[in-house]
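Student: Whatever this is, show me its structure:
(2 chains)
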Amino acid sequence: AQKITQTQPGMFVQEKEAVTLDCTYDTSDPSYGLFWYKQPSSGEMIFLIYQGSYDQQNATEGRYSLNFQKARKSANLVISASQLGDSAMYFCAMREGRRDSSYKLIFGSGTRLLVRP
Amino acid sequence: GAVVSQHPSWVICKSGTSVKIECRSLDFQATTMFWYRQFPKQSLMLMATSNEGSKATYEQGVEKDKFLINHASLTLSTLTVTSAHPEDSSFYICSPLGYEGGIDTQYFGPGTRLTVL
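Tutor: Residues are numbered from 1 along each chain as shown, chains lettered A, B, ... in the order given. The predicted structure follows:
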């Protein structure tokens, strides 16, 4: 069963507007972490934001915020005031619990964001 | 932030040859290393997890005799694609596990683009 689901293969947003990228996850582990990464055309993976399952507040990092709805198992990324440089692939990822064999990042299929001038 | 290097950044080889990819964590020590593969327009798929000094654990469907992983030191891991074939052409990304800001953090190398003719 797929553990991380990103249902938007591609998104457009107008420059300076906000955009929400969807991510839902599935786990039975009470302890987990959710991550968002940006991958520009160069291929490098750029860490954006992290949300722990026990965190009480939604994570924010500059123009990035994570809309964490635990009951719905969703962790949507919100990018405010989009910039042309935000055009890239965005991946949601999850890591489950303890430092054992499951302690690894599993990625969703990604969303390609294109910012229009 | 942590610095991770991969060498080579790209390689073209003939079918049947072996290719070694090096991954170095330049300013931190990584006891655990993850290796991912990414086909064009797809997500990152975990290939294997290795701990320093131990044998790697491979994900289902990944041939351990084809993708040899060596994690001999805390700053160096290598992935060798043996007897490469065109279907092995992909973007290979290493991801050492570090620790930052109170959370275990997977950093990512810049990737190696392998093309097998």
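Student: What parts of chain B come near chain A?
Tutor: B:32, B:34, B:38, B:42-46, B:49, B:57, B:91, B:93, B:95, B:103-108, B:110-111, B:113 (CB under 8 Å from any CB of the partner chain). Glycine gets a C-beta too; all of them are placed from N, C-alpha and C.
Student: how much space between the nearest residue to residue B:104 once chain neighbours are set aside and residue B:19?
Tutor: Leaving out its chain neighbours, the residue that sits closest to residue B:104 by CB to CB, 6 or more residues apart in numbering or on different chains is residue B:97, at 6.0 Å. For residue B:97, the distance to residue B:19 (CB to CB, to the nearest Å) stands at 24 Å.
Student: Tell me the pLDDT of residue 74.
Tutor: I'll assume chain A. On pLDDT, residue A:74 comes in at 97.
Student: nope, chain B please
Tutor: 89.
Student: Please pull up the helix or strand immediately following the helix or strand encompassing residue A:92.
Tutor: Assigned by DSSP states H and E, residue A:92 belongs to strand A:88-96. Note on strand A:88-96: by DSSP H and E, the next helix or strand toward the C-terminus is strand A:106-107.
Student: name the helices or strands packed onto that following strand?
Tutor: Helices and strands touching strand A:106-107, by 3 or more CB pairs under 8 Å, 6 or more residues apart in numbering or on different chains; DSSP states H and E, are strand A:88-96, strand B:44-51.
Student: got the contact list for the residue of chain B found nearest chain A?
Tutor: Nearest to chain A in chain B, going by CB to the nearest CB, is residue B:108, at a distance of 3.8 Å. Residue B:108 sits next to A:37, A:44-45, B:4, B:93-95 when contact means CB atoms under 8 Å, 6 or more residues apart in numbering or on different chains.
Student: Listing request: residues of chain B with sub-threshold pLDDT.
Tutor: B:1 (pLDDT under 70).
Student: Could you measure from whatever residue of chain A ends up closest to chain B over to residue A:12?
Tutor: The nearest approach of chain A to chain B comes at residue A:45, 3.8 Å away (CB to the nearest CB). For residue A:45, the distance to residue A:12 (CB to CB) stands at 23 Å.
Student: More neighbours: those two, which one.
Tutor: Counted by other CB atoms under 10 Å in any protein chain shown, residue A:45 and residue A:12 do not tie: residue A:45 has more neighbours, with 26 against 11.
Student: ok, that one touching residue B:105?
Tutor: No. Counting by CB atoms under 8 Å, residue A:45 does not reach residue B:105; the two are 11.9 Å apart.
Student: all strands in chain A, in order from the N-terminus.
Tutor: For chain A, the strands defined by DSSP state E occupy A:4-5, A:10-14, A:19-21, A:24-25, A:32-39, A:46-52, A:60-61, A:64-69, A:74-79, A:88-96, A:106-107, A:111-116.
Student: The residue of chain B closest to chain A - nearest residue in space that isn't next to it in sequence?
Tutor: That would be residue A:45: by CB to CB, 6+ apart, it lies 3.8 Å from residue B:108.
Student: who touches the one you found in this structure?
Tutor: A:37-39, A:91, B:44, B:93, B:95, B:108.
Student: Of the helices and strands packed on strand A:106-107, which is nearest residue B:28?
Tutor: When the helices and strands packed on strand A:106-107 are compared for distance to residue B:28 using CB to CB, the nearest one is strand B:44-51, at 15.6 Å.
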